[in-house]
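Trainee: This is the structure alone, sequence omitted:
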């Protein structure tokens, strides 16, 4: 009986303990809920958009070619007695390169001189006879036929003199051609013949080739599409050209270094290559040290014009949507994130040139875009010195094709 009476008191005590524990848990949860810190606003680094003046240039691949080139060929038949130059050396205009055996040409010259002397010696007698016949004809002392024969002989003697003078001149020219000289100044290559070789006049194989390398040409192709786009921008006033510098071009060597001297844009071809759809731009560069060699692959930097209202933003601020269109996140006036679709022109260094989608004063998110989304309120801090407005005018070197954008 005592045992049964003790059970209710034990149950009551247990219930009281459990109730106390539940109250403690509830009070702790309430205290925690009250003491929970407020949600923090995400912080992002932004770049403030500012319009600036940018000199736009186009970088085009090309190849060098000699300013002048001369293929040396003999103009008479003969035997090469001696080669008079060192292969790979610089030669001057008029310098003797080969000596062809002059003996047969000297003999022809002497023969022409003798023939001319003989014709000139016969001329006075024939002239006197013609004069006497003319006087005798007036006195009816000779017939008309005799006078005509004397006049014809005189004209023939005068024609013979002219013929032998021309023959003498030809012999002198052929004798001069026995000395093969350089028509231009430049660097001569290898010789295809040696001493003792037989050559023929105007043979298809050149004896040697001379190339003038200072100055030197650089030929670069430019897409006809890019050319038309540039013309439209100039007409629309989006680009301005400085007449004093528009024809100046720079050169980038195959190792990526800049060529030390600027060149000049000579002309733009008037026809489009049907196989490539491009036109050729020809540039001229001074080459006093011989750094540029014929056939070298280089890149020419051609000035397009100055964009006085250009917008440049760091490349890291631009992302792509699901369709591949370039977009950027900006912070609006109320501190909320907005997404803008952009139109990009080209990459300039580590920045994009934006043609539409942004205006001066917009704040573009450069860091922290991964932790925000459109519509979220954020706190902004400056991105850094590279993103601050008021940057100085810069020169923009771009690839030959513009960036893909919508």
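Mentor: Thanks, I have it. Treat the numbers as computed from the prediction; the structure is a model and nothing was measured.
Trainee: Need the contact partners of stretch 148-166.
Mentor: With contacts defined as Cβ atoms under 8 Å, 6 or more residues apart in numbering, stretch 148-166 is touched by 112, 115-116, 119-120, 122-123, 126-127, 129-130, 133. For glycine as for every other residue, the C-beta is placed from the backbone atoms N, C-alpha and C.
Trainee: repeat for stretch 74-94
Mentor: With contacts defined as Cβ under 8 Å, 6+ apart, stretch 74-94 is touched by 95-101, 104-105, 174, 177-178, 180-191, 193-203, 207-208, 210.
Trainee: Enumerate the positions of it that are buried.
Mentor: Residues 74, 76, 78, 80, 83, 85, 90-91 are the ones in stretch 74-94 that count as buried (16 or more other Cβ atoms under 10 Å).
Trainee: and which of these is nearest to residue 139?
Mentor: residue 76 (55.7 Å; Cβ to Cβ).
Trainee: Just the contacts of stretch 74-94: which are in strands?
Mentor: Applying DSSP state E to the contacts of stretch 74-94, the entries found in strands are 96-100, 180-181, 186-188, 198-199, 208, 210.
Trainee: Look up the pLDDT of residue 278 for me, please.
Mentor: At residue 278, the predicted lDDT confidence score is 87.
Trainee: right, I mislabeled it, should have said residue 3
Mentor: 44.
Trainee: which SSE is the nearest residue in space to residue 329 that is not next to it in sequence in?
Mentor: In this structure, residue 329 finds its nearest non-sequential neighbour in residue 365, 4.4 Å apart by Cβ to Cβ, 6 or more residues apart in numbering. Per DSSP states H and E, residue 365 falls inside strand 363-367.
Trainee: Flag every buried residue along the helix or strand that that strand is followed by.
Mentor: Downstream of strand 363-367, the next assigned helix or strand under DSSP H and E is strand 379-382. For strand 379-382, the neighbour count (16+ other Cβ under 10 Å) marks no residue as buried.
Trainee: In its sheet, which strands sit next to strand 379-382, and in what direction?
Mentor: With DSSP bridges as the test, strand 379-382 is paired with strand 43-48 (parallel).
Trainee: so after the strand it pairs with, what's the next helix or strand?
Mentor: Using DSSP H and E, the helix or strand that follows strand 43-48 towards the C-terminus is strand 52-72.
Trainee: sorry, back to before: is it possible to get TSV of the buried residues of stretch 74-94 that adds secondary structure, pLDDT and distance to residue 289?
Mentor: Shown next, in TSV, are those (DSSP: H, G, I helix; E, B strand; the rest coil; pLDDT from 0 to 100; distance: Cβ to Cβ, whole Å):
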residue	secondary structure	pLDDT	distance to residue 289
74	coil	95	34
76	coil	95	38
78	strand	95	39
80	strand	95	34
83	strand	95	28
85	coil	94	22
90	strand	93	13
91	strand	94	18
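Trainee: From those residues, pick the one nearest residue 299.
Mentor: residue 90 (27.8 Å).
Trainee: Report the beta-bridge partners for the closest one.
Mentor: Counting by DSSP bridges, residue 90 forms beta bridges with residue 187.
Trainee: and it, how far is that from residue 96?
Mentor: Using Cβ to Cβ, to the nearest Å, one obtains 15 Å as the distance from residue 90 to residue 96.
Trainee: thinking again about what came up before, need the buried ones from the ones in strands among the contacts of stretch 74-94 selected in ChimeraX.
Mentor: With 16+ other Cβ under 10 Å as the burial test, the buried ones among these are selected in ChimeraX as follows:
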select :97,98,99,100,180,181,186,187,188,199,208,210
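Trainee: check contacts around residue 267.
Mentor: So residue 267 contacts 281-282 (Cβ under 8 Å, 6+ apart).
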